[in-house]
Structure formats: structure tokens, C-alpha cells
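Chemist: model the following, please.
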Amino acid sequence: MGVAVFFKVPQVVPKLEEMGKSEFTITFFRICMYIMGIILVGGGVRKLIQHFKPEENASGDSPSGNEDSQ
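Modeler: Model (predicted):
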């Protein structure tokens, strides 16, 4: 979703200009939408990293807990 914001903003801004919105409104809209896109992309990247990162226990044990103890 975050990447789509970066493609959608340039399509929406001309529509705002046609509606006669002020330059401040258009600039504010762009800034807010790009910040939202950055936050969404950052959250998605964080989820991907957490999903593919191998799990490690704090004590250094193997994640499966199948260590041989003799």
C-alpha cells in the first residue's frame, strides 16, 4: 500500500489544481501523503524483516529446543 501512495499522489494533484485549491493546500497535501507513504513502506519493511529473520532465544539455545543434553 505504501508504494502505491507514491504513484497515486502525482495523479491526484492535478485534480486538486483543477478544483482551484490554493498552492498551500496542494503542498500540504503532497507533504502529508508522502509522509504517510514513507510510514507505510517503513512498517511493511519492518514486518518483512521480522518475518524472515531467524528466531533466537535469549540464552543462545536453538529455537527448536532439540539439543542433546548428556
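Chemist: for Val3, what is the enclosing helix or strand?
Modeler: For Val3, the element it lies in under DSSP states H and E is helix 2-18.
Chemist: remind me, longest helix of this protein?
Modeler: Scanning the chain for the helix with the most residues, using DSSP state H, yields helix 23-52.
Chemist: distance check, the most centrally placed residue in the chain against Gly20.
Modeler: Nearest to the geometric centre of the chain sits Val41, at 1.9 Å (C-alpha atoms, centre = their mean). Per C-beta to C-beta, to the nearest Å, Val41 is found 32 Å from Gly20. Every C-beta, even on glycine, is put in place using the N, C-alpha and C of the backbone.
Chemist: over to Leu40?
Modeler: 29 Å.
Chemist: between those two, which one's more packed in?
Modeler: Remark: of Leu40 and Gly20, Leu40 carries more neighbours, 16 against 7, as counted by other C-beta atoms under 10 Å.
Chemist: buried residues of the helix or strand of the chain with the lowest mean pLDDT, list them for me.
Modeler: With mean pLDDT, DSSP states H and E as the measure, the helix or strand of the chain carrying the lowest mean pLDDT is helix 2-18 (a mean of 88). Buried positions in helix 2-18, judged by neighbour count with 16 or more other C-beta atoms under 10 Å: Val5, Val9, Val13.
Chemist: that helix to helix 23-52, inter-axis angle?
Modeler: If you take axes from the mean of the first three to the mean of the last three C-alpha atoms, to 10 degrees, helix 2-18 sits at 170 degrees to helix 23-52.
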